[in-house]
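> no FASTA, just this:
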């Protein structure tokens, strides 16, 4: 409803209503038609300094159904809310990464060394059956090009979608947005695996599925970072988000293990099981996620200054101040290396080290263990020194000799392989995790963006989208 009210007469009644019914209040300036969301403190200051009459627009912030029931019995406060959002978003993005990993594992069986397989099975190789163990259309000599094209399609549409997904997330209820995103991500992951059971050998089919997967997978990152930024203040943000970024490595590890469990027997399940996991997780998101502290009467940790800038200026605002461009370009190169390992490390380990597909999947998970340590260390050092840029530069510089050593001696023994993959994951993923989480949240709540309080997800999308362009290599 829209009411014209006297600020003095309705001020006390208004705050009583907001507190009692978890109502989110927005101010609609009659002549400017621009919306801004407020905390109670900001609203109070605004009413005190505003003209005598204003047009007030009321809109309910709907709590998740199950969360609303729980909140009546065990109310969320700032601490319990932070724990809730930390664990919930960690699980959400673990599922996202888990569902991206299968293709890198399955590549090794879509095109195999059929001579070795024939020797194991006692078969004789002749021209008519020299690719008997491969899966068409990946049974030709251009299989590397086809795999690269699938990765390119996924990453291209992921990067393009990332620039807009943050803007859409800022305009939508993050709970609904993530619910839809996880459900669609599950469907596209399952669709790739169904190609095995329906005996589909059309490259066009797999290319379309990968393209759709790239579009919907971009829904996750800006939204979960925005949820974290809504609940966590700047204090210790780097450390907490450094621990939180373990979700990417945990997801990669679980994705490798799950896909590796089925890859040699029935590779379709390597996609279907992760797809079912992320798709199922849309249910707890819908019923339990609380992305906004205001919806349970908790004061946000970061207050925004008011101005008249409309939300449609979000993307241009996100690029308008120092930091976004610099960190976006840094992530451009950092994410290139990180995603090269995500998509190609299992196959590289198998071909260079001579391991079987299952062992290659397990060894690739060691890189992600290093990534977990890297995110935590980078966040802690950034908080302690206040120099996130220097932290990124040092870790990226150390990754160069580590990469060189791994390429030279990484497969002399299993110990060398594991011993170099851990620091490699640490130095490569540390800056990547820091930039995409704590740095993005800091930039998204920067005073330079005071004219728009709903750009956190947009800034995150811009930075990660630019980084994703780097993965197109």
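Great, that's in hand. The model shown is predicted, which means the values in this text are computed figures rather than measured ones.

> ok, so what distance separates the spatially most central residue of the chain from residue 438?
The chain has residue 221 as the residue nearest its centroid, 2.9 Å off, counting by Cα atoms, centre = their mean. Distance, residue 221 to residue 438, using Cβ to Cβ, to the nearest Å: 14 Å. (Each C-beta comes from the backbone N, C-alpha and C, glycine too.)

> and the nearest residue to the residue nearest to the centre of the chain once chain neighbours are set aside, what element?
Distances taken as Cβ to Cβ, 6 or more residues apart in numbering place residue 464 nearest to residue 221, at 5.4 Å, with adjacent residues excluded. Here residue 464 sits within helix 456-470, counting by DSSP states H and E.

> and if you look at residue 287?
With DSSP H and E as criterion, residue 287 is part of helix 282-288.

> got the contact list for the residue nearest to the centre of the chain?
Contacts for residue 221 (Cβ atoms under 8 Å, 6 or more residues apart in numbering) come out as 93, 96, 162, 436, 460, 461, 464.

> again, only using 10 Å
The contact partners of residue 221, by Cβ atoms under 10 Å, 6 or more residues apart in numbering, come to 93, 96, 158, 162, 165-166, 169, 181, 248, 436-437, 440, 457, 460-461, 463-465, 468.

> what about it, which SS state?
Under DSSP: H, G, I helix; E, B strand; the rest coil, residue 221 falls in the helix class.

> look up how far residue 268 lies from it.
27 Å.

> returning to that earlier point: just the pLDDT for the residue nearest to the centre of the chain.
Residue 221 is assigned a predicted lDDT (pLDDT) of 89.

> gap between it and residue 264?
Residue 221 is 32 Å from residue 264, by Cβ to Cβ.

> cool, and residue 380?
Using Cβ to Cβ, residue 380 is found at 40 Å from residue 264.

> equivalent analysis for residue 280, please.
26 Å.

> swap in residue 246?
For residue 246, the distance to residue 264 - Cβ to Cβ - is 29 Å.

> and what of residue 383?
Relative to residue 264, residue 383 is positioned 44 Å away (Cβ to Cβ).

> pick out whichever of the two has more residues nearby.
residue 383 (20 against 15; other Cβ atoms under 10 Å).

> Three-state assignment for residue 412, please.
coil.

> wait, what's in contact with it?
residue 353.

> for it, grab phi and psi.
Phi and psi for residue 412, reported as degrees, to the nearest 10, are phi -70, psi -30.

> any idea how far it lies from residue 406?
11 Å.

> pLDDT value on residue 337, please?
On pLDDT, residue 337 comes in at 86.

> how about the nearest residue to it, chain neighbours excluded?
What sits nearest to residue 337 in space, not counting adjacent residues and going by Cβ to Cβ, 6+ apart, is residue 428, at 5.2 Å.

> angle of the helix or strand hosting that neighbour against helix 456-470?
Here residue 428 is covered by helix 414-434, with elements defined by DSSP H and E. For helix 414-434 and helix 456-470, the angle between their directions (axes from the mean of the first three to the mean of the last three Cα atoms, to 10 degrees) works out to 140 degrees.

> tell me the mean pLDDT for helix 414-434?
Rounded mean pLDDT across helix 414-434 is 90.

> how far out from the middle of the chain is that helix?
Relative to its chain's centre, helix 414-434 lies at 20 Å (Cα atoms, centre = their mean, to the nearest Å).

> cool, and stretch 350-363?
Worked out by Cα atoms, centre = their mean, stretch 350-363 lies 27 Å from the chain centre.

> how about stretch 264-278?
Worked out by Cα atoms, centre = their mean, stretch 264-278 lies 21 Å from the chain centre.

> let's test this: mean pLDDT of that stretch, rounded?
The pLDDT scores in stretch 264-278 average 96.
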